[in-house]
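**Student:** Give me coordinates for this.
(chains A and B)
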Number of protein chains: 2
Amino acid sequence: MRKSFDLYFASSNKNKYSEAKEILSKFKLNLGFFEFAPVEIQSNSILEIATKKSLDAYWSCKKPVIVEDDGLFIPALGGFPGPYSSYVFKTIGNAGILNLVKSKRNAEFHSVIAYCDGKKPVLFQGVIKGVISKKQKGNDWGYDPIFIPKGKTKTYAELDDKNTLSHRYITLGKFARWYKKSINN
Amino acid sequence: MRKSFDLYFASSNKNKYSEAKEILSKFKLNLGFFEFAPVEIQSNSILEIATKKSLDAYWSCKKPVIVEDDGLFIPALGGFPGPYSSYVFKTIGNAGILNLVKSKRNAEFHSVIAYCDGKKPVLFQGVIKGVISKKQKGNDWGYDPIFIPKGKTKTYAELDDKNTLSHRYITLGKFARWYKKSINN
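**Tutor:** Modelled structure (predicted):
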């Protein structure tokens, strides 16, 4: 018999799913994987991108789904790379970001979860403030080697407890508390 | 009586329309303006973005339309800023590009026109090769002050004859010749 899940994580990225599954299991939520490569829209708002993606995912999966979108926002660069973080990482990468960031090094990681069960999507947001490091430290994927969260002296890539202080963890926690109260009773 | 046009230029940018109208008038084509702010998709291909946009524009306008999409592609930066040229310009701007470009200064401006009259969109593409200048020169919009076309010593912004050698001019010319042969007889 096919295993049944409370809800599905729709993404083309299985690593993101594994991280989300582990976090949600602490809330006794059983997360399934729905492999999904959506057509993403161009928008300056990751809220709008996630909303549209969750609707597309629901109509493909026909089961309650969540999608996650995140981005690194650097205020001194007008929010760049923001909603295009993934494209910018693949092209100019961390070396490019280090070339662009000068004296004002503040940065924020934003994460959005959109939940959709066929009705209007429900949105959850998490933000971690920090600074861009002067050089890359630690060997992890994405912007982790150049982001030092506030109150720490090490980058996301160097921290052992990244998963319990990340923007994604905050957002998933908000979602899980809401879900257990609103849907799962 | 409302003036009738051969076809419409669908865009949110009236300056782009004026430039296209002037160019197409040389081919005796009478171009109307259809104001249109599409939901653009995220894609690494401006061909794909323009195709989708021309279909949306046709179904809004219900008349034959063209849409134009362009981007600056820098091979040493993995094609950056490419399809996200407009967002990148608004955030890090020309100063940002000059910080990122080091010894390998080659660059290309790509332009795509998609024509749609309700059937499968027809695509036209123009490319101008050149280099990124060492500093900004000339006061024009977009990346014009940092792009020197091949065979020239001045930036797009400094050249008086930019309109007759631009990537957009090439693409509109290709389109106009095809249109007059295929559609307008």
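**Student:** Contacts for the one helix or strand in chain A whose mean pLDDT sits lowest, please.
**Tutor:** Least confident helix or strand of chain A, by mean pLDDT, DSSP states H and E, is helix A:162-165 with a mean of 74. By CB atoms under 8 Å, 6 or more residues apart in numbering or on different chains, the residues outside helix A:162-165 that reach it are A:19, A:22, A:23, A:128, A:144, A:149, A:156, A:159, A:169. In short, each C-beta sits where N, CA and C put it, glycine included.
**Student:** Can you give the distance of whichever helix or strand comes after that helix from its chain's centre?
**Tutor:** Sequence order places helix A:167-182 as the next helix or strand after helix A:162-165, per DSSP states H and E. Averaging C-alpha positions (CA atoms, centre = their mean, to the nearest Å) puts helix A:167-182 13 Å from its chain's average.
**Student:** And for stretch A:139-155?
**Tutor:** That offset, for stretch A:139-155, works out to 15 Å (CA atoms, centre = their mean).
**Student:** If we go by neighbour counts, what in that stretch is buried?
**Tutor:** A:142, A:143, A:144, A:145, A:146, A:147, A:148, A:149, A:152, A:155 (16 or more other CB atoms under 10 Å in any protein chain shown).
**Student:** where's the nearest residue to the second one once chain neighbours are set aside relative to chain B, distance?
**Tutor:** The spatially closest residue to residue A:143, leaving aside those adjacent along the chain, is residue A:72, at 4.9 Å (CB to CB, 6 or more residues apart in numbering or on different chains). In this structure, residue A:72 and chain B are separated by 12 Å, where distance is defined by CB to the nearest CB, to the nearest Å.
**Student:** Kindly state the beta-bridge partners for residue A:72.
**Tutor:** Assessed by DSSP bridges, residue A:72 has beta-bridge partners residue A:109.
**Student:** Look at it and say how many residues are nearby.
**Tutor:** 24 (other CB atoms under 10 Å in any protein chain shown).
**Student:** any idea how far residue B:25 is from it?
**Tutor:** 46 Å (CB to CB, to the nearest Å).
**Student:** Of the buried residues of stretch A:139-155, which belong to strands?
**Tutor:** Secondary structure assignment by DSSP state E places A:147, A:148, A:149 of the buried residues of stretch A:139-155 in strands.
**Student:** what sits against the second one?
**Tutor:** For residue A:148, the contact set (CB under 8 Å, 6+ apart) comprises A:130, A:131, A:132, A:133, A:154, A:155, A:156.
**Student:** hmm, 10 Å instead?
**Tutor:** A:105, A:107, A:130-134, A:137, A:154-159 (CB atoms under 10 Å, 6 or more residues apart in numbering or on different chains).
**Student:** Name the member of those with the most neighbours.
**Tutor:** Neighbour-wise, the contacts of residue A:148 (other CB under 10 Å) top out at residue A:156, 26 neighbours.
**Student:** Those residues of chain A touching chain B, which are they?
**Tutor:** Residues of chain A found near chain B (CB under 10 Å from any CB of the partner chain) are A:38-44, A:48-49, A:52, A:73-74, A:76-84, A:86-88, A:90-93, A:95-97, A:99-102.
**Student:** Can you select the buried ones among the residues you listed for me in ChimeraX?
**Tutor:** The buried subset of the residues of chain A next to chain B, as determined by 16+ other CB under 10 Å, is captured in ChimeraX by this line:
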select /A:38,40,41,42,43,48,49,52,73,74,76,77,78,79,80,81,82,83,84,86,87,88,91,92,93,96,97,100,101
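**Student:** Restricted to strands, list the residues of chain A next to chain B.
**Tutor:** residue A:73.
**Student:** Filter the residues of chain A next to chain B down to just the ones in helices.
**Tutor:** Counting by DSSP state H, those place A:48-49, A:52, A:86-88, A:90-91, A:93, A:95-97, A:99-100 in helices.
**Student:** In space, what's closest to residue A:36 - neighbours in sequence excluded?
**Tutor:** Per CB to CB, 6+ apart, closest to residue A:36 is residue A:10, 4.2 Å.
**Student:** what angle do the helix or strand harbouring that neighbour and helix A:167-182 make?
**Tutor:** Per DSSP H and E: residue A:10 is located in strand A:7-11. Inter-element angle recorded for strand A:7-11 and helix A:167-182: 150 degrees (by axes from the mean of the first three to the mean of the last three CA atoms, to 10 degrees).
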